[in-house]
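**Student:** A predicted structure for the sequence below; I have some questions about it.
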Amino acid sequence: MVDNPPVLQLQTHWLPTRASIERLMLMKIEFWLNQPNQNKRSISEIVWATGDIRQALAELSPIVPLKVRRQIERLLQPWPQGRYTPAYHRSGGILNLFTPQWGEHQDEVWNKMLAEWHAQTFPDDQARYAARAELEQRWNNTPHPFFAGLTPAQVMVGGGKQEAKLADEFLNYLQKYYSKTEFESEGDMLINTLMVLRSWQLQPLSNGKTPQQIILAERTELLNRRARILAERA
């Protein structure tokens, strides 16, 4: 049972495109699923430990919109055994809020890996399949330009408490930036917003770390936590 789960709050923000608004909602849901509750386990962790998402869905307030419920159910599904292709449809967090929705056909990193695999000669089908499985895992854990340098695995796990706080700080800053800046078009607004984001993510904070470093470290820790929980369940 999920005791006293964190409250899901969707705030209103002014963003340059409809796609970024939709991605913002997904990002907020991903953050919420990784927020620890009073028992020190997030909804994601409880599902990792039990393999059952029904209880998590049952704990949702009746006022949660159907669209949000469906997003939560999709995000809580077990990860694929091979390549983490659902990463194409995750938010990628604050670092990817304004990037295009990439897909497999545009993925030059994977296509290059796959071409190299096809070019190899294997002694038998077993060796061929093993090499393909190894290739998929390499893609899962390779920093990817589609995801602003996150690995597909880091995209899959979602952001945590620190990233959620950083995201709110950046979005609040962005509101002030918009109020003082004029744009010639939606495209101009999107380009300027992306430049502001890339500058922000590389600026050291008071602790000496950049937002990007904090986000990468937190997502890596979430992946490690997931691995430990799944190992305990096995």
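**Tutor:** Sure thing, it's come through.

**Student:** what mean pLDDT does stretch 26-43 have?
**Tutor:** In this model, stretch 26-43 has an average pLDDT of 89.

**Student:** Okay, buried residues for stretch 147-164 please.
**Tutor:** 147-148, 150-160, 163-164 (16 or more other C-beta atoms under 10 Å). In short, each C-beta sits where N, CA and C put it, glycine included.

**Student:** what's the closest of the residues you listed to Glu218?
**Tutor:** Nearest to Glu218, judged by C-beta to C-beta, of the buried residues of stretch 147-164 is Gly160 at 4.6 Å.

**Student:** which one's the longest helix in this protein?
**Tutor:** In the chain, taking DSSP state H as the definition, the longest helix is helix 211-233.

**Student:** and which of the buried residues of stretch 147-164 is nearest to Thr181?
**Tutor:** The closest of the buried residues of stretch 147-164 to Thr181 turns out to be Ala148 (C-beta to C-beta; 22.7 Å).

**Student:** Setting aside sequence neighbours, what's the nearest residue to that closest one?
**Tutor:** Nearest-residue entry for Ala148: Leu95, 4.0 Å, with adjacent residues in sequence omitted and distances by C-beta to C-beta, 6 or more residues apart in numbering.

**Student:** again with Ala19
**Tutor:** Gln101 (6.6 Å).

**Student:** And Trp200, by the same measure?
**Tutor:** Nearest non-adjacent residue to Trp200 (C-beta to C-beta, 6+ apart): Phe170, at 5.7 Å.

**Student:** and that neighbour, what helix or strand is that in?
**Tutor:** If you go by DSSP states H and E, Phe170 is part of helix 161-180.

**Student:** per-residue confidence averaged over the helix or strand immediately after that helix in the chain?
**Tutor:** Downstream of helix 161-180, the next assigned helix or strand under DSSP H and E is helix 186-201. For helix 186-201, mean pLDDT is 90.

**Student:** Show me the helices in the chain, by range?
**Tutor:** Along the chain, the stretches classed as helices by DSSP H are 18-33, 43-50, 54-58, 66-75, 108-119, 125-140, 152-157, 161-180, 186-201, 211-233.

**Student:** Save those as CSV, and put in distance to Ser91 too.
**Tutor:** CSV is the format used below for the helices of the chain (distance: least, C-beta to C-beta, whole Å):
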stretch, distance to Ser91
helix 18-33, 4
helix 43-50, 14
helix 54-58, 19
helix 66-75, 10
helix 108-119, 19
helix 125-140, 18
helix 152-157, 8
helix 161-180, 10
helix 186-201, 14
helix 211-233, 12
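
**Student:** any idea how far the lowest-mean-pLDDT helix or strand in the chain is from the chain center?
**Tutor:** Least confident helix or strand, the chain: helix 54-58 with a mean of 82, by mean pLDDT, DSSP states H and E. Centre-to-centre, helix 54-58 and its host chain are 22 Å apart (C-alpha atoms, centre = their mean, to the nearest Å).

**Student:** again, but for stretch 221-232
**Tutor:** Distance of stretch 221-232 from its chain centroid, counting by C-alpha atoms, centre = their mean, is 16 Å.
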